[in-house]
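J.: pasting a predicted model and its sequence here:
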Amino acid sequence: MEWKSRSTGKGKEHLGNNLAMYNIDSDSIPILYSVGLNKELEGLANLLMPSIVTANASVENHIKDIFEYLD
C-alpha cells in the first residue's frame, strides 16, 4: 500500500476509509450497490477534480497544436 503511505490530508483519509471497509488480504472488493465505497470515491473525485481539469486543458492545448502543425 505504498500509495496510501504517500498520501496526505483528505485523500489519505478517503483511501484509509476504503481500506478499512474491506479485507486487505482479498484481491477484490465488491463494488455493486456499495454505498460506503461510493461515498469515499466521490470524495476522492472531488479532491482530484482540479488536477484533472488542469490536465485536460493541457492535453487539449497539445492536441490543438498538433492539428495546427499538420494543417
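T.: Yes, it's here. In this text, all values refer to a predicted model and were calculated from it rather than measured experimentally.

J.: can you list the low-confidence ranges for this structure?
T.: 1-8 (pLDDT under 70).

J.: what is the neighbour count of E40?
T.: By other C-beta atoms under 10 Å, 20 other residues sit near E40. Every residue, glycine included, has its C-beta placed from N, CA and C.

J.: same question for the one 10 residues further on.
T.: P50 sits with 9 neighbouring residues when counted by other C-beta under 10 Å.

J.: now do the one 3 residues further on
T.: Burial of V53, expressed as a neighbour count using other C-beta under 10 Å, amounts to 10.

J.: now name the helix or strand holding it.
T.: Take DSSP states H and E as the rule and V53 turns out to sit in helix 35-70.

J.: and that helix, how far from the chain's centre?
T.: Distance of helix 35-70 from the chain centroid (C-alpha atoms, centre = their mean, to the nearest Å) equals 10 Å.

J.: how about that helix: buried residues?
T.: Neighbour-count burial for helix 35-70, with 16 or more other C-beta atoms under 10 Å as criterion, is recorded at L37, E40, G43, L44.

J.: dump these into a markdown table; add distance to S51 as well.
T.: Formatted as a markdown table, the buried residues of helix 35-70 follow (distance: C-beta to C-beta, whole Å):
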| residue | distance to S51 |
| --- | --- |
| L37 | 21 |
| E40 | 18 |
| G43 | 15 |
| L44 | 11 |
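
J.: from these, which single one is nearest M21?
T.: L37 (6.6 Å; C-beta to C-beta).

J.: tell me how far that closest one lies from I29.
T.: For L37, the distance to I29 (C-beta to C-beta, to the nearest Å) stands at 7 Å.

J.: which neighbours do the two have in common?
T.: Residues touching both L37 and I29 by C-beta atoms under 8 Å, 6 or more residues apart in numbering: M21.

J.: I24: which element?
T.: Judged by DSSP H and E, I24 forms part of no helix or strand.

J.: repeat for G16
T.: G16 is part of helix 9-21 when elements are defined by DSSP H and E.

J.: can you show me the CA trace of that helix as PDB?
T.: C-alpha atoms of helix 9-21 as PDB (Å, rounded to 0.1, in the frame of the first residue of the first chain):
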ATOM      1  CA  GLY A   9      -4.800  15.000   4.300                       C
ATOM      2  CA  LYS A  10      -8.300  14.300   3.000                       C
ATOM      3  CA  GLY A  11      -7.000  12.000   0.200                       C
ATOM      4  CA  LYS A  12      -5.300   9.800   2.800                       C
ATOM      5  CA  GLU A  13      -8.500   9.800   4.900                       C
ATOM      6  CA  HIS A  14     -10.600   8.600   1.900                       C
ATOM      7  CA  LEU A  15      -8.100   5.900   1.000                       C
ATOM      8  CA  GLY A  16      -7.900   4.700   4.600                       C
ATOM      9  CA  ASN A  17     -11.700   4.600   4.800                       C
ATOM     10  CA  ASN A  18     -11.800   2.500   1.700                       C
ATOM     11  CA  LEU A  19      -9.200   0.000   3.000                       C
ATOM     12  CA  ALA A  20     -11.000  -0.200   6.400                       C
ATOM     13  CA  MET A  21     -14.200  -1.300   4.700                       C
END
